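Engineer: Make a model of this:
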Amino acid sequence: MSRSGNMMAIVLLTILTTVFVQAQAKLPEVFFIDARTLVAAREAYHSGGEQYKKAIEGLIEDAAKVMKTPPGSVMLKTELPPSGDKHDYMSVGPYWWPDSTRPGGVPYIRRDGLVNPEHDAMGDRVRLGRMISDVRTLALAYFVCDRDEYAAQAILHLKTWFLDTETRMNPNLRYAQSIKGIVEGRGIGIIDTYGFRELIDAMQLLKKSGSWTEATDKGMKKWFAAYLKWLLESANGKEESAAKNNHGTTYDVQVATIALYLGERNVAKQILLAAGPKRIAVQIEPDGSQPLELERTKSWGYSVMNAEGLINLAMLGKHLDVDLWHFATTDGRSIGKALDYLLAYALDGKKWSHTQIEPIRPIRLYPIVLVATTVFHETKYQSACATLFDPSVQTTRSYLLLPPGK
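Structural biologist: Numbers count the residues shown, from 1 in each chain. Alright, predicted model coming up:
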């Protein structure tokens, strides 16, 4: 090649590299949202494109409602935690009910799968879930529409829940999922903050806002650093880490997500490297079934939930070069096997023979199978997505967050 030809090649390569780097720079640093889809939705909104129009309109409607909603706080509960400090989060176990044969109904007894109304009426769980949902709605609306008022309101919700002296939550879950007459709180209660994985993605979107200050950034990182320490060192945290079922999985997702958010890459990598032998190899049988989830009265729902948790871990793994997608034991236990097992019942007409007190909803598999198609590139998963696909998803925010395709 001539010298001029070499120069042209170098110039072209430089241009292409620059374009690629700029394109990458536009992508938000999120863990579970498909960043490329969200950026495409943002570009469609500003250019008047039709592809994401209905989903964005729905998001804006939701954001308008949240803009009128006052921030929640742990201080709004009417009960006092055992500590006497309302800043401590508290909740009650969902499947525990008064014992009608005992005075005052205590100690409570377990009725798996049947939710005691006290679970929603008492404590902080509902307000916590609403706060996470509201912040997420506003963060997505801010990112897509580039309207800072959404971000400012989301940050107000965050400050109220986590930072303001009078309303903040203490960074622990000592009194989560208590059982009257038995225990003040349990390691199992840590699942109450599973939604923090979505909250952290929302904060990653808000960081580009003019309303996101250095003080807010430092404050949120300080809170989550304290919470991570509690998760790792407390008796409740160690108990949940040792859980062999979905509770152990969701604990790992929380710890790894928070650690990555804080830049504690060694902590996250330790969790993810252990997830293959500790979670996949233990929880999944060679045929893809998950025995510890099949024991439950909502066996389908818990099997899907745990598969989703394992996929969340695999998604986090890509940030640290830990490949859980392709982890497999010598006898075939793997994430793919778990998906195949569930799809056989969702698509092939195979009758679910385990206890399931609620109807099976095959559509619940759609998001995780769609994510799997981006890794495995197998026809069976692409076909499954096409079969599971419901056109109504195009009107929901899920359409803005998932990889493209059916």
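Engineer: Where does the prediction get shaky in the stretch 151-300 of the chain?
Structural biologist: Within the stretch 151-300 of the chain, no stretch has pLDDT under 70.
Engineer: Could I get the full set of strands for it?
Structural biologist: Along the stretch 151-300 of the chain, counting by DSSP state E, counting those that start in this stretch, strands occupy 175-178.
Engineer: give me the element residue 333 is part of.
Structural biologist: Using DSSP states H and E, no element contains residue 333; it sits outside every helix and strand.
Engineer: Next up, the contacts around the closest residue to it other than its chain neighbours.
Structural biologist: Of all residues not flanking residue 333 in the chain, residue 284 sits nearest, at 4.5 Å (C-beta to C-beta, 6 or more residues apart in numbering). To be clear about C-beta, it is placed using only N, CA and C from the backbone, and glycine gets the same treatment. Residues near residue 284 by C-beta atoms under 8 Å, 6 or more residues apart in numbering: 290, 333-335, 337-338.
Engineer: Among the residues you listed, give me the pair with the biggest separation.
Structural biologist: The two members of those with the most space between them (C-beta to C-beta) are 290 and 334, at 12.1 Å.
Engineer: out of the contacts of residue 284, which one sits closest to residue 315?
Structural biologist: Ranked by distance to residue 315 (C-beta to C-beta), those are led by residue 335 at 10.9 Å.
Engineer: how near is that closest one to residue 176?
Structural biologist: When distance is defined by C-beta to C-beta, to the nearest Å, residue 335 is 28 Å away from residue 176.
Engineer: rewinding a little: compare residue 290 and residue 334 and say which one has the larger neighbour count.
Structural biologist: For residue 290 versus residue 334, the count of surrounding residues by other C-beta atoms under 10 Å is larger for residue 290: 24 against 21.
Engineer: gap between that one and residue 266?
Structural biologist: 30 Å.
Engineer: how about the helices in the stretch 101-250 of the chain?
Structural biologist: 118-121, 125-145, 148-158, 196-206, 214-233, 235-242, 246-262 (DSSP state H, counting those that start in this stretch).
Engineer: what angle separates the longest one from helix 148-158?
Structural biologist: Between the direction of helix 125-145 and that of helix 148-158, the angle (axes from the mean of the first three to the mean of the last three C-alpha atoms, to 10 degrees) works out to 160 degrees.
Engineer: Helix 125-145 packs against which elements?
Structural biologist: Applying 3 or more C-beta pairs under 8 Å, 6 or more residues apart in numbering; DSSP states H and E, we find helix 125-145 packed against helix 35-47, helix 53-67, helix 148-158, helix 196-206, helix 398-401.
Engineer: for residue 94, what are its contacts?
Structural biologist: Going by C-beta under 8 Å, 6+ apart, the list of residues near residue 94 reads 115-116, 119, 177.
Engineer: mind redoing it with 10 Å?
Structural biologist: 111-120, 125, 177, 188 (C-beta atoms under 10 Å, 6 or more residues apart in numbering).
Engineer: Likewise for residue 99?
Structural biologist: With C-beta under 10 Å, 6+ apart, residue 99 has these contacts: 105-109, 180-181.
Engineer: Stretch 383-393: which residues count as buried?
Structural biologist: The neighbour-count check on stretch 383-393 (16 or more other C-beta atoms under 10 Å) flags 384-385, 388, 393 as buried.
Engineer: Could I get the full set of helices for the stretch 251-400 of the chain?
Structural biologist: Under DSSP H, counting those that start in this stretch, the stretch 251-400 of the chain gives helices at 265-275, 281-283, 291-294, 299-317, 335-347, 366-376, 379-388, 398-401.
Engineer: State the distance from the residue lying closest to residue 260 once chain neighbours are set aside to residue 330.
Structural biologist: Residue nearest to residue 260 in three dimensions, not counting chain neighbours: residue 268, with 4.8 Å by C-beta to C-beta, 6+ apart. In this view, residue 268 and residue 330 are 27 Å apart by C-beta to C-beta.
Engineer: So between the two, which is more surrounded?
Structural biologist: residue 268 (24 against 7).
Engineer: Now for the nearest residue to residue 216 once chain neighbours are set aside: which residues touch it?
Structural biologist: Once flanking residues are discounted, residue 216 sits nearest to residue 155: 6.1 Å by C-beta to C-beta, 6+ apart. Residue 155 sits next to 135, 138-139, 142, 148, 163, 203, 206, 209, 211-213, 216, 220 when contact means C-beta under 10 Å, 6+ apart.
Engineer: and which of the residues you listed is nearest residue 401?
Structural biologist: Among those, residue 139 lies closest to residue 401 (C-beta to C-beta), at 11.6 Å.
Engineer: For the residue lying closest to the closest one once chain neighbours are set aside, grab the count of nearby residues.
Structural biologist: Sequence neighbours aside, residue 202 is the residue nearest to residue 139 in space, at 3.8 Å (criterion: C-beta to C-beta, 6+ apart). A count of nearby residues for residue 202, using other C-beta under 10 Å, gives 24.
Engineer: And the buried residues of stretch 383-393, which is closest to residue 91?
Structural biologist: Residue 91 lies nearest to residue 393 out of the buried residues of stretch 383-393, by C-beta to C-beta, at 31.0 Å.
Engineer: For the closest one, which non-adjacent residue is spatially closest?
Structural biologist: residue 399 (5.6 Å).
Engineer: Looks like residue 282 contacts residue 292 (just checking).
Structural biologist: Yes - between residue 282 and residue 292 a contact is recorded at 8.6 Å, counting by C-beta atoms under 10 Å.
Engineer: What distance do you get for residue 121 to residue 78?
Structural biologist: Distance from residue 121 to residue 78, by C-beta to C-beta: 10 Å.
Engineer: and those two? which has more neighbours close in?
Structural biologist: More neighbours surround residue 121 than the other of residue 121 and residue 78, with 11 against 8 (other C-beta under 10 Å).
Engineer: any idea of the pLDDT on that one?
Structural biologist: The predicted structure scores residue 121 at 90 on the pLDDT scale.
Engineer: Tell me which residues touch it, please.
Structural biologist: Residue 121 makes contact with 78, 92, according to C-beta under 10 Å, 6+ apart.
Engineer: does residue 76 really touch residue 86, like I thought?
Structural biologist: Yes - with contact defined as C-beta under 10 Å, residue 76 reaches residue 86; the gap is 8.8 Å.
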